[in-house]
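J.: Let's see this in three dimensions:
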Amino acid sequence: MESPCCIASRYDEQDFFEPLPRKLMIGLATLFLSIMTMMIAFSFSFFVLYHNKLILVPIVISVVAAVPVILYAKLQYSLLVDVYNSIYGSRYIFKPKKPMLYNQNPKF
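T.: Purely as a prediction, here's the structure:
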């Protein structure tokens, strides 16, 4: 179902080189920021709730709540690096600075 949407979309071929991967990177970064802030707020609420009683409970809950954030960062890091390299690393591969086949100023 995703292929017809991609084929029938209004995006041009040039949009797949820079704007769409950039939007993907921004989306992944904001999703990571959202997950991280939710985890911080969740952990902070336990610290506020148990500030005088059991200090070990909020520490354990904070460590357990950090596991999804760490897993998300670890699993999505390679995707972010690949997208970044596809946008900015390969920009000049297909556009050499000087012509390779014919020289414009021949020296005879």
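J.: And the longest helix along the chain, what's buried?
T.: Longest helix in the chain, counting residues (DSSP state H): helix 19-49. Buried residues in helix 19-49, counted by 16 or more other Cβ atoms under 10 Å: 21, 28, 32, 39, 43, 46. Heads up, the C-betas are built off the backbone N, CA and C, glycines and all.
J.: List the buried residues in the next helix-or-strand element following that helix.
T.: Where DSSP states H and E defines the elements, the next helix or strand beyond helix 19-49 is helix 56-84. Neighbour counts over helix 56-84 (16+ other Cβ under 10 Å) mark 58, 61-62, 65, 69, 83 as buried.
J.: Return the member of the buried residues of helix 19-49 nearest to Arg10.
T.: Pro21 (17.2 Å; Cβ to Cβ).
J.: got a list of what that closest one touches?
T.: 83, 86-87 (Cβ atoms under 8 Å, 6 or more residues apart in numbering).
J.: rewinding a little: adding pLDDT, write the buried residues of helix 56-84 out as a markdown table.
T.: Shown next, in a markdown table, are these (pLDDT from 0 to 100):
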| residue | pLDDT |
| --- | --- |
| Pro58 | 82 |
| Ile61 | 84 |
| Ser62 | 86 |
| Ala65 | 85 |
| Val69 | 86 |
| Val83 | 81 |
